[in-house]
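**Student:** coords please:
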Amino acid sequence: MANDHRAAALLIASLLVTVAVADARLAKHHNARLTIHRDARGVYFASDAAAVPSLTCSKVHGVKAGETCSSVAQGAGLTQDDFLGFNPNINCDKVFVGQWICLAATSA
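**Tutor:** Below is the predicted model:
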């Protein structure tokens, strides 16, 4: 009878370890990205892309009346892609006076 309890305990412990390892393999960083590829046969598949480094804003600008994303970016000497990279959550259709916009950033 004691051997049955030991076997059951070992089985449960093995199951818990297996689930923990599988869960750890599925965990992704919050900024992990997938890249979609197409092989020679036309089959699509996903692979992990390099993680995007988080940015820390080092220069900000308060929006003034009449300014747009494009005018602020141009005035700061930024390309639209750089500007949007520094401000990934900005809605350029709804920029408002006094809104803080990032004009320069460094990776943490």
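
**Student:** show me where this structure has helices.
**Tutor:** Secondary structure of the chain (DSSP state H): helices located at 2-26, 69-75, 80-86.

**Student:** For F83, which non-adjacent residue is closest in space?
**Tutor:** Of all residues not flanking F83 in the chain, A73 sits nearest, at 3.8 Å (CB to CB, 6 or more residues apart in numbering). (Glycine included, C-beta is placed from N, CA and C.)

**Student:** before we move on, what about T79?
**Tutor:** Here the residue nearest T79, using CB to CB, 6+ apart, is A73, at 7.2 Å.

**Student:** I figured the one you found was touching D81, is that so?
**Tutor:** No - counting by CB atoms under 8 Å, A73 sits too far from D81 to count as a contact (9.4 Å).

**Student:** tally of neighbours for the residue lying closest to L78 once chain neighbours are set aside?
**Tutor:** The shortest distance from L78 to any non-neighbouring residue, by CB to CB, 6+ apart, is to L103 (6.8 Å). Burial measure for L103: 19 neighbouring residues, criterion other CB atoms under 10 Å.

**Student:** residues contacting L103?
**Tutor:** Contacts of L103 were listed using CB atoms under 8 Å, 6 or more residues apart in numbering, and they are K59, V60, H61, V72, A76, L78, F83, F86.

**Student:** how far away is it from R6?
**Tutor:** Distance from L103 to R6, counting by CB to CB, to the nearest Å: 66 Å.

**Student:** One more: Y44?
**Tutor:** Distance of Y44 to R6, computed by CB to CB: 48 Å.

**Student:** cool, G62 as well?
**Tutor:** Using CB to CB, G62 is found at 69 Å from R6.

**Student:** likewise D39?
**Tutor:** 49 Å.

**Student:** pLDDT score assigned to I36?
**Tutor:** At I36, the model reports a pLDDT of 74.
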